[in-house]
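I would like the atomic coordinates for the input below:
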Amino acid sequence: MLKKVVEYGVRHRKLISLLVLTLAVAVAVATIPHELNAQSDSTTLTGTVAKVDSTGMKLTIKDSANKEETLTIESTTKITRGGKDAKLADVKEGDSVKVTRQGTKVSSVEATAKTS
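Numbers count the residues shown, from 1 in each chain. Reported below is the predicted structural model:
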């Protein structure tokens with residue numbers, strides 16, 4: 001009787017180990033497409049700065065068709081102007097701008113001073 005209980009316990013532990021391993025693999029595989037999708041969900045907008053609201057963290061850009069789009073800038077957004085690190089307040093109306101978004105989040109703003 002004791003031998004059967006021990007054998008059952010060993011089989012039970014092996015089954016639990018197999019289930020845990022299967023779950024770990026399933027979680028690992030499920031995260032791969034999500035990470036790849038986040039990288040491929042990148043879009044780039046180019047245009048001219050129409051308005052800067054550094055207090056409200058908003059940047060409005062106008063594209064070549066004169067369509068305006070207002071973007072929310074986050075504290076993690078990488079901002080450069082003239083190739084140097086900058087703050088949103090350093091970006092000026094009339095600057096040329098390239099904005100990169102990951103999904104709906106603005107990841108970078110690259111501004112270039114307007115040439116006269």
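
now the residue most central in space within the chain: how far from Lys14?
Against the mean C-alpha coordinate of the chain, by C-alpha atoms, centre = their mean, the closest residue is Gln102 at 4.2 Å. Separation of Gln102 from Lys14 (C-beta to C-beta, to the nearest Å): 43 Å. For glycine as for every other residue, the C-beta is placed from the backbone atoms N, C-alpha and C.

got it, and Val52?
63 Å.

ok, longest strand in this structure?
Looking across the chain with DSSP state E, the single longest strand is strand 42-53.

ok, and for it, which residues are buried?
47-50, 52 (16 or more other C-beta atoms under 10 Å).

same question, stretch 86-105
Applying 16+ other C-beta under 10 Å to stretch 86-105 flags 86, 88, 90-91, 95, 97, 99-101 as buried.

what about the residues you listed, which are in strands?
97, 99-101.

after the longest strand of the chain, next one along is what?
Per DSSP states H and E, the first helix or strand lying C-terminal to strand 42-53 is strand 58-62.
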